[in-house]
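Peer 1: predicted coordinates and the sequence they were generated for:
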Amino acid sequence: MTQMRREDATTDRVSMLSDVKQELLRRRLRERGSVQRGVPVVSRDEPLLPSFQQEGLWFLDRLDPGQTVYNVPFALRLRGELDVAALRSGLRLLTVRHEALRTRFTTAADGSPRLLIDPAGDGPDLPVIDLSTAHDPFTEAVRHADTEAQRPFDLATGPLLRAALLRLDTDDHVLLLSLHHAVTDGWSVSILTHELSEAYQALTQGRQPQLPPLTVQPADVAAWQRRHLTGDTLREHLTYWERNLHDLPTLDLPTDRPRPAERTWAGASYRAHLPRDLGHRLRRLATDHHASLLATLLAGFTVVLSRYTGQTDITVGSVFSGRHHPEVEPLVGYFANTVVLRTDLTGDPDFHTLINRCNDTVLGALQHQDIPFSTLVSHLKPPRDPSRNPLFQTTFS
């Protein structure tokens, strides 16, 4: 399986840290009890609550039903002879294995959300759409992918995983998969593509896939999160963010058109390829400063933003994986969390100093990443502007 296109949510992994800083972070987290403490399995006979991140997306969906901004579509180009029955069986195996792929969101009598995990059935429907007679099958496949990406999900009725197989030729197919962000994130997309490939290869060879067992599921992690983020732990996190985000400025980027009164989600993307040698040199620069690659690139990004805005107090958002429990790493689900990275450029620091400042910022955010972004916004109560995102206006991943 080779990938045609991916439109997944971005993640930042703790593994981007240098060995020294990573071990330091692990020790700090272990001292706080945030790592190496197992996630217990909760009963499926009791009402299941979503995680705070999931609840935030559920609330936004209720506020604006039919919105597709939180769709996570991606496609896989499949070349060679394809066993469609084995592919269907592989998809079914993944839905049996990962409860997130069978999860819906219902509303309790008090108006709060609940998780509903459907029994494992035959897996998602996999309609086969023959495009082989089209004038340009690949262009037609891209059109189908775009159309699928804009189909809304119903969180209550589900399913929150959709699949379709496009046949471009007898030995050329495109598998479309689309999920709602409430049950997946960027890390999960990598898991799905890897496990589907492993399952397909095993099934076509007449053997059972040998995937490592999962000890917990997202519903267990959500229950742990709600128990963990209370009392002193919650106060410690909130105190950190209160101190670091006090008197937060608004990043005022000079635009060539007036800002609309409300966000429209209309936008575009620009892709550029950096020379491979530049990547090697950036990694060496990060290593020389015992910093993460994220912190090193963030330093450059903040310099550019400071130049464009004339501001020296720069705040950006970034997405962390939220998977600091070993048993959570192999799960499909929505664990990623947005954090706020604030960098001080006063005093005209040289770039080496700025890298160290950004690295300290990233390490601090990693230690306090457990607070869901929606909870942080609710606690800090920043002035709300429908034309802007609260707390930050640019994202760096």
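Peer 2: In hand now; what should we look at?
Peer 1: CA atoms for contacts and neighbours, from now on please.
Peer 2: Fine.
Peer 1: and stretch 302-319, how far apart are its ends?
Peer 2: Across stretch 302-319, the terminal residues are separated by 16 Å (Cα to Cα, to the nearest Å).
Peer 1: list the buried residues in it.
Peer 2: Residues of stretch 302-319 classed as buried under the neighbour-count rule (16 or more other Cα atoms under 10 Å) are 302-303, 305-306, 311-319.
Peer 1: which residue ranges of the stretch 151-300 of the chain form strands?
Peer 2: In the stretch 151-300 of the chain, the segments counted as strands under DSSP state E, counting those that start in this stretch are 161-169, 172-180.
Peer 1: pLDDT (mean, whole number) over the last one?
Peer 2: For strand 172-180, mean pLDDT rounds to 97.
Peer 1: and it with strand 161-169, angle?
Peer 2: Orientation check (axes from the mean of the first three to the mean of the last three Cα atoms, to 10 degrees): strand 172-180 against strand 161-169 gives 160 degrees.
Peer 1: restricting to C-alpha, output strand 172-180 in PDB.
Peer 2: Taking C-alpha atoms only, strand 172-180 is exported to PDB below (Å, rounded to 0.1, in the frame of the first residue of the first chain):
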ATOM      1  CA  ASP A 172      -4.800   0.100  -9.600                       C
ATOM      2  CA  HIS A 173      -7.200   1.100  -6.800                       C
ATOM      3  CA  VAL A 174      -7.700   3.900  -4.300                       C
ATOM      4  CA  LEU A 175      -9.000   3.200  -0.900                       C
ATOM      5  CA  LEU A 176     -10.800   6.100   0.700                       C
ATOM      6  CA  LEU A 177     -11.200   6.200   4.400                       C
ATOM      7  CA  SER A 178     -12.900   9.000   6.300                       C
ATOM      8  CA  LEU A 179     -13.400   9.400  10.100                       C
ATOM      9  CA  HIS A 180     -14.600  12.100  12.400                       C
END
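Peer 1: any chance you could list what contacts that strand?
Peer 2: 4, 70-82, 141, 145, 148-149, 153, 160-168 (Cα atoms under 8 Å, 6 or more residues apart in numbering).
Peer 1: save the strands of the stretch 151-300 of the chain as a markdown table, and put in distance to residue 362 and mean neighbour count too.
Peer 2: Shown next, in a markdown table, are the strands of the stretch 151-300 of the chain (distance: least, Cα to Cα, whole Å; neighbours: other Cα atoms under 10 Å):
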| stretch | distance to residue 362 | mean neighbour count |
| --- | --- | --- |
| strand 161-169 | 33 | 21 |
| strand 172-180 | 28 | 23 |
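Peer 1: can you add distance to residue 374 and give those back as CSV?
Peer 2: Formatted as CSV, the entries for these read as follows, by distance: least, Cα to Cα, whole Å:
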stretch, distance to residue 374
strand 161-169, 24
strand 172-180, 18
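Peer 1: so which of those strands is nearest residue 257?
Peer 2: Taking Cα to Cα as the measure, the strands of the stretch 151-300 of the chain were each checked against residue 257, and strand 172-180 came out nearest at 32.3 Å.
Peer 1: tell me where this structure has helices.
Peer 2: When secondary structure is read from DSSP state H, the chain shows helices at 19-32, 52-63, 84-97, 137-149, 186-204, 218-228, 231-244, 276-288, 293-309, 351-367, 373-380.
Peer 1: among these, which is nearest residue 104?
Peer 2: helix 52-63 (10.4 Å).
Peer 1: what packs against that closest one?
Peer 2: Packed against helix 52-63 by the contact rule (3 or more Cα pairs under 8 Å, 6 or more residues apart in numbering; DSSP states H and E) you find helix 373-380.
Peer 1: and for the helix it packs on, what's in contact with it?
Peer 2: For helix 373-380, the surrounding residues in contact (Cα under 8 Å, 6+ apart) are 52-53, 56, 238, 241-242, 337-339, 390-391.
Peer 1: distance check, the residue lying farthest from the centre of the chain against residue 336.
Peer 2: Computed with Cα atoms, centre = their mean, the residue of the chain farthest from its C-alpha average is residue 133, at 37.0 Å. Counting by Cα to Cα, the gap from residue 133 to residue 336 is 41 Å.
Peer 1: repeat that for residue 314.
Peer 2: Residue 314 is 23 Å from residue 336, where distance means Cα to Cα.
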